[in-house]
Each structure stands twice: as C-alpha cells, then as structure tokens.
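Enquirer: Task: produce atomic coordinates for the following.
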Amino acid sequence: MLESGCKAVKEGMLEKRSDGLLQLWKKKRCILTEEGLLLIPPKHPPPPQQQQQPAEPAAKIKELHFSNMKTVDCVERKGKYVYFTVVMAEGKEIDFRCAQEQGWNAAITLQMVQYKNRQAILAVRSTRQKQQHLAAP
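Expert: Model prediction:
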C-alpha cells in the first residue's frame with residue numbers, strides 16, 4: 001500500500017490477538033492509509049518509501065486492504081483498553097485492542113467508509129460513461 005504512494009493517515013502501536021491456541025496479545029506497529037491497514041512486527045524495519053535500498057522481505061508485514069474488509073465490530077471498553085474486531089470479506093475475524101484514548105477503531109472505520117464511498121462513486125461514474133457511450137449514435 002505504501003509502495004503505491006498512499007500517505008499514512010495514522011501511525012502507532014496496536015495489539016493483535018494471535019491465531020494460535022494461546023491467543024496471546026502481540027504488539028504490532030500499524031500504519032493506517034487511505035487504502036487499508038499495515039501491520040508490522042515491532043522489530044521489523046519500516047516499509048520502504050521510494051528508497052534505493054534492497055527490498056526487505058515483506059513476509060512479516062500484513063496488509064489488511066479495505067477492499068477485503070467488511071466491518072469493524074464489537075467495540076468494548078474494559079479497563080484502559082478498547083477491544084474491536086476487524087471482519088474481513090471472507091469471514092475471518094481479527095481481534096485488536098488499544099488504549100482508549102488512541103481511537104484506532106474509529107480511525108479505521110472512518111477510513112474504510114471513505115474508501116468504500118470512493119469506490120461507489122467510481123462505479124457510478126463508470127456505469128454512466130458506459131451508458132453515454134451506448135446512447136451515442
């Protein structure tokens with residue numbers, strides 16, 4: 001996502017619940033863009049931004065693109081944390097938590113809605129252009 005020139009809207013730390021048996025909370029460095037959410041292990045170097053260095057293996061960086069995201073659900077406030085779930089289009093649920101004052105859930109939701117709105121506008125424009133081409137003699 002950063003390679004395509006998307007600017008970071010929000011950066012910081014989030015905790016993600018692991019998929020394993022123990023379901024431990026693991027800290028991830030996160031970058032929210034207009035296209036989605038990047039999850040980077042805290043010890044991993046930052047993703048390259050038009051740098052002329054050899055490319056790092058991006059296997060550890062997870063991209064949650066808004067085109068594959070369905071909703072941000074289950075907001076719960078417990079103690080100092082806000083817990084929320086990102087539901088992907090294929091039904092996979094990814095649990096996160098952050099300090100209440102950080103507002104990650106709201107920021108992700110807002111960016112996702114803006115992304116979906118942009119896609120809807122593009123779809124409508126495309127349909128109108130096709131109709132105009134068909135109507136032209």
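
Enquirer: Counting neighbours, which bits of the host helix or strand of Ala106 end up buried?
Expert: Element membership of Ala106, judged by DSSP states H and E, is helix 104-135. For helix 104-135, a neighbour-count test (16 or more other C-beta atoms under 10 Å) marks 104-105, 107-109, 111-112, 115 as buried. In short, each C-beta sits where N, CA and C put it, glycine included.

Enquirer: what do you get for stretch 13-23?
Expert: By 16+ other C-beta under 10 Å, the buried positions in stretch 13-23 come out as 14-17.

Enquirer: Quick one: those residues as a markdown table, columns for distance to Phe66 and pLDDT too.
Expert: What follows is the buried residues of stretch 13-23, written out as a markdown table (distance: C-beta to C-beta, whole Å; pLDDT from 0 to 100):
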| residue | distance to Phe66 | pLDDT |
| --- | --- | --- |
| Leu14 | 16 | 96 |
| Glu15 | 21 | 96 |
| Lys16 | 17 | 96 |
| Arg17 | 21 | 95 |
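
Enquirer: of all these, which two lie farthest apart?
Expert: Spanning the widest gap among the buried residues of stretch 13-23 are Leu14 and Arg17, at 10.7 Å by C-beta to C-beta.

Enquirer: What separation is there between Asp95 and Arg17?
Expert: Per C-beta to C-beta, to the nearest Å, Asp95 is found 4 Å from Arg17.

Enquirer: what's the first-to-last distance across stretch 95-109?
Expert: Its start and end residues considered, stretch 95-109 measures 14 Å (C-alpha to C-alpha, to the nearest Å).

Enquirer: Using the three-state scheme, assign the residue most central in space within the chain.
Expert: The residue lying closest to the centre of the chain (C-alpha atoms, centre = their mean) is Leu37, at 2.4 Å. With DSSP: H, G, I helix; E, B strand; the rest coil as the basis, Leu37 sits in strand.
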